[in-house]
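> Structure here, sequence nowhere to be found:
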């Protein structure tokens, strides 16, 4: 039963990711546009809230995938460019090595 | 707007409202007659009702843990059963022939209402469990995240609304056009798919509501 509900949870998370991102962008944009119309500050609030919405969407996606950001260290880990680049490089090397024999040009 | 069946005073009553009343009546009657005359060894309707409730309770226990699952299953199981029946109501034989008949969940007013219930339930339970400390989660990991967390709280119900509405509305629209183009045998494939889709969407809505309420009522390192 535990494994079963784990699978369903994963399904829920996967299906949630896409609409969460879209919903966060939409909320940011429409809230900004509404406030702009209210205060007559176009386009600045739209721009700000759209960017905030994008950030929210990315945060929601990150949290869905890797768990909640609880402490300031978690954020530092999430945005550490050097670490992430190194990790990506490693993954790319691994991918290259795995693909090697089937590559037609080699 | 189309779909107004009749008026009660100044309030228009829509076709989807009537459909959801019927679905509520079916659920209420099923569980009323299932629990009216309870016996130790269940039979008949009581057996069905017990199987449904026990299955759902087990499922939520896997996510929330036994103690919290017992508290929140009444709400969450109702979500699941209501959405499931709403999604399947479009598949009742002859449903396409009745003019104006459509599943309640293919209207975004209904899915929006369900999502708003989830929204308020999450914060109500969160405040009930954590008291004023519940608001601390808006400034985790640090204060600069306040606008992001606030936007996230608004984005969640919108996301729930759009997912359920989008899927069921798309399925209904495809079925409608298939019925128009090739009424014989062709829509059966799509109907088979929509049986699966209806169950998955009901499950996904419920599992997300469960994880939102679960996250709001979680005990933080109290041991």
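Thanks, I have the structure now. Worth saying up front: this structure is predicted, and the values here are computed from it rather than measured. Numbers count the residues shown, from 1 in each chain, chains lettered A, B, ... in the order given.
> Which parts of chain B are strands?
B:4-8, B:11-14 (DSSP state E).
> List the buried residues for the longest helix seen in chain A?
Ranked by residue count, the top helix of chain A under DSSP state H comes out as helix A:2-39. By neighbour count on 16 or more other Cβ atoms under 10 Å in any protein chain shown, the buried set for helix A:2-39 is A:5, A:8-9, A:12-13, A:15-17, A:19-29, A:31-33, A:35-36. For glycine as for every other residue, the C-beta is placed from the backbone atoms N, C-alpha and C.
> contacts with chain B among the residues you listed, please.
Among these, the residues within reach of chain B (Cβ under 8 Å from any Cβ of the partner chain) are A:5, A:8-9, A:12, A:15-16, A:19-20, A:22-24, A:26-28, A:31.
> deepest of the strands of chain B, which one?
Highest mean neighbour count of these: strand B:11-14, a mean of 14 (counted as mean count of other Cβ atoms under 10 Å in any protein chain shown).
> Show the secondary-structure elements that it is packed against.
Contact partners of strand B:11-14 among helices and strands, from 3 or more Cβ pairs under 8 Å, 6 or more residues apart in numbering or on different chains; DSSP states H and E: strand B:4-8.
> Give the rounded mean pLDDT of the strand it packs on.
Mean per-residue pLDDT for strand B:4-8: 79.
> where does chain A have its least confident helix or strand?
Every helix and strand in chain A was compared by mean pLDDT, DSSP states H and E; the lowest is helix A:72-78, with a mean of 78.
> which residues sit against that helix?
Outside helix A:72-78, the residues that touch it by Cβ atoms under 8 Å, 6 or more residues apart in numbering or on different chains are A:62, A:66, A:69, A:83, B:141-142.
> ok, now stretch B:141-150?
Here stretch B:141-150 has contacts from A:52, A:55-56, A:59, A:69-72, A:74-75, B:137-140, using Cβ under 8 Å, 6+ apart.
> Identify the farthest-apart pair in these.
Within the contacts of stretch B:141-150, A:52 and A:71 form the most distant pair, 22.1 Å apart (Cβ to Cβ).
> need the residues of chain B near chain A, please.
Neighbours of chain A within chain B, by Cβ under 8 Å from any Cβ: B:58-59, B:61-63, B:140-142, B:145, B:147-148, B:151-152, B:154-156, B:158-159, B:162-163, B:166, B:200, B:203-204, B:207-208, B:211, B:215.
> Can you turn the buried part of the residues you listed into a PyMOL selection?
To isolate the buried members of the residues of chain B next to chain A in PyMOL, using 16+ other Cβ under 10 Å:
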select buried, chain B and resi 58+59+61+62+63+140+141+145+147+148+151+152+154+155+156+158+159+162+163+166+200+203+204+207+208+211
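> how about the residues of chain A near chain B?
Residues of chain A lying near chain B (Cβ under 8 Å from any Cβ): A:1-2, A:4-6, A:8-9, A:11-12, A:15-16, A:19-20, A:22-24, A:26-28, A:31, A:52-53, A:55-57, A:59-60, A:68-72, A:74-75.
> Identify the residues contacting residue B:8.
Not one residue lies near residue B:8 by Cβ under 8 Å, 6+ apart.
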